[in-house]
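J.: quick one, structure for this:
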Amino acid sequence: MSKLGRVLVAMSGGIDSTVTAMILHEQGYEVVGITMKTWDYANSGGTKKETGCCSLDSINDARSVAVQMGFPHFIIDIRDEFGDHVIDNFVDEYMAGRTPNPCVLCNTHIKWSALLKRADAMDCEFIATGHYAQLNQTDAGRWHVRKSADDKKDQSYVLWGLSQECMARSRFPLGHMTKPEVRQLAYDFGYEELSKKAESFEICFVPDNDYRGFLKRRVPGLEAEVAGGQFVNTAGEVIGTHDGYPFYTIGQRKGLGQAFGQPMYVTKIDAATNIVTLGPVDALVKNGMLVGGITLQKYPQLPADGTELVTKVRYKDAGTLSQVSQLSPNQVAVDFYANVRGVAPGQSAVFYEGDDVVGGGLIHASR
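T.: Sure, this is the predicted structure:
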């Protein structure tokens with residue numbers, strides 16, 4: 001038994017998770033590799049070959065590395081868990097006129113839950129993933145996520161939902177590294193082909209990036225049910241018809257199917273009436289929002305009413321200085337100091353203090 005402990009490493013077959021396993025193995029941890037089968041895209045009716053963490057090639061790549069480095073590797077099938085939580089939520093959110101972020105939900109409720117459950121069964125004290133993020137513990141003993149050393153790859157935004165228990169048992173070996181350094185390390189370990197492996201940026205269960213087609217396949221009769229909805233302008237005047245409200249997202253400009261004489265953006269989606277509101281880019285500007293489903297990491301509650309924090313409303317958002325006021329244990333009001341475009345209900349809002357994640361939640365409404 002290693003003095004550092006036994007760690008269960010989530011291995012997708014990609015470069016990041018593979019290098020994670022290599023680093024921990026070299027550091028002296030007793031490594032156990034595990035690959036989670038989350039989705040069978042070949043049976044989903046998509047038009048693109050199965051790729052990414054669910055493909056047979058990726059599973060074989062992960063197993064091959066484990067065999068070469070001499071640690072055990074297991075494959076677990078969590079398709080039922082994944083479908084019940086992530087995919088059903090993805091469909092439900094679009095049907096409610098919101099824009100989901102399945103990666104956040106997967107990390108919070110599926111990956112960590114599945115990993116901890118298997119870690120306990122395999123006598124592993126820790127779990128590890130290839131996320132570009134860091135973990136820190138405050139003087140008061142609170143665990144929280146911290147931004148990665150690589151700003152371009154930072155994934156702290158999708159980890160706001162992790163609990164104290166999850167973070168206490170997690171390891172993120174890549175948090176202090178940049179992507180080029182990770183590629184170089186793979187090369188140095190003797191995995192030249194892996195060091196050049198391309199990344200996948202699609203949603204794992206929609207690898208052809210056609211979420212509209214995915215919704216049509218998951219909800220029989222959807223296309224006919226929602227066809228013929230109305231486009232209205234910000235004054236409520238009908239200016240056209242559309243294919244159905246689930247097929248549009250806040251901030252969308254392209255793919256509206258008709259010209260309006262000026263660039264128009266989706267500013268509001270009303271599922272109850274099948275009405276999609278369009279407006280000029282200025283109509284996307286918001287100065288505040290309500291955020292629910294709150295998870296606080298760095299503090300058990302916000303230090304003060306109207307705490308100044310930087311708020312990100314999208315993964316690639318640079319963040320905006322804001323005043324965050326706690327309305328209840330599960331809801332906060334956010335007032336931006338500078339107006340923000342494209343605040344979309346269903347997306348995550350994540351609050352930062354410097355590089356530290358204070359917490360996050362789901363955007364309920366903009367204002």
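J.: all contacts plus neighbour counts: C-alpha atoms, from now on.
T.: Fine.
J.: list the contacts of the residue sitting nearest the centre point of the chain.
T.: Ranked by distance to the mean C-alpha position of the chain (Cα atoms, centre = their mean), the top residue is C103 at 2.8 Å. By Cα atoms under 8 Å, 6 or more residues apart in numbering, the contact list for C103 reads V158, I203.
J.: so it, which of the three states?
T.: helix (DSSP: H, G, I helix; E, B strand; the rest coil).
J.: also the one 10 residues further on?
T.: Going by three-state DSSP, the secondary structure assigned to S113 is helix.
J.: where exactly do the strands run in the stretch 251-367 of the chain?
T.: With strands called from DSSP state E, counting those that start in this stretch, the stretch 251-367 of the chain shows them at 265-270, 275-279, 285-296, 307-312, 320-328, 331-341, 348-353, 356-366.
J.: what does the stretch 51-200 of the chain give?
T.: Counting by DSSP E, counting those that start in this stretch, the strands of the stretch 51-200 of the chain are 73-77, 126-128, 133-137, 143-147, 170-171.
J.: by contact count, what packs against the second one?
T.: Meaning strand 126-128. Here strand 126-128 touches strand 6-10, helix 112-121, strand 170-171, going by 3 or more Cα pairs under 8 Å, 6 or more residues apart in numbering; DSSP states H and E.
J.: deepest of those, which one?
T.: strand 6-10 (a mean of 26; mean count of other Cα atoms under 10 Å).
J.: other SSEs contacting that strand?
T.: Counting by 3+ Cα pairs under 8 Å, 6+ apart, strand 6-10 packs on helix 15-27, strand 30-37, helix 112-121, strand 126-128.
J.: what sits up against it?
T.: Residues external to strand 6-10 that are found in contact with it (Cα under 8 Å, 6+ apart): 17, 20-21, 29-36, 115, 119, 123-130.
J.: buried subset of these?
T.: Burial by neighbour count, 16 or more other Cα atoms under 10 Å: within the contacts of strand 6-10 this picks out 17, 20-21, 29-36, 115, 119, 124-130.
J.: what's the domain layout of the protein?
T.: The chain breaks down into these domains under automatic domain parsing: 6-130+173-195, 226-279, 284-366.
J.: mean confidence (pLDDT) on the last one, please.
T.: Along domain 284-366, the predicted confidence averages to a pLDDT of 94.
J.: tabulate the helices and strands packed on strand 6-10 (CSV), appending mean pLDDT.
T.: CSV is the format used below for the helices and strands packed on strand 6-10 (pLDDT from 0 to 100):
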stretch, mean pLDDT
helix 15-27, 94
strand 30-37, 93
helix 112-121, 92
strand 126-128, 97
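J.: quick one: closest of the ones you listed to S148.
T.: helix 15-27 (13.5 Å; Cα to Cα).
J.: any idea of the angle that closest one forms with strand 6-10?
T.: 170 degrees (axes from the mean of the first three to the mean of the last three Cα atoms, to 10 degrees).
J.: helix 15-27 to strand 30-37, inter-axis angle?
T.: Relative orientation of helix 15-27 and strand 30-37, computed by the same axes, to 10 degrees: 160 degrees.
J.: buried residues in helix 15-27?
T.: I15, D16, S17, T18, V19, T20, A21, M22, I23, L24, H25.
J.: next one: stretch 103-111
T.: Neighbour counts over stretch 103-111 (16+ other Cα under 10 Å) mark V104, L105, C106, N107, T108, H109, I110, K111 as buried.
J.: okay, who's weakest in those residues by pLDDT?
T.: H109 (75).
J.: so what's V291 up against?
T.: Q331, V332, A333, V334, A349, G361, L362, I363, H364, A365.
J.: most neighbours, which of the residues you listed?
T.: Among the contacts of V291, A349 has the most neighbours (other Cα atoms under 10 Å), with 29 neighbours.
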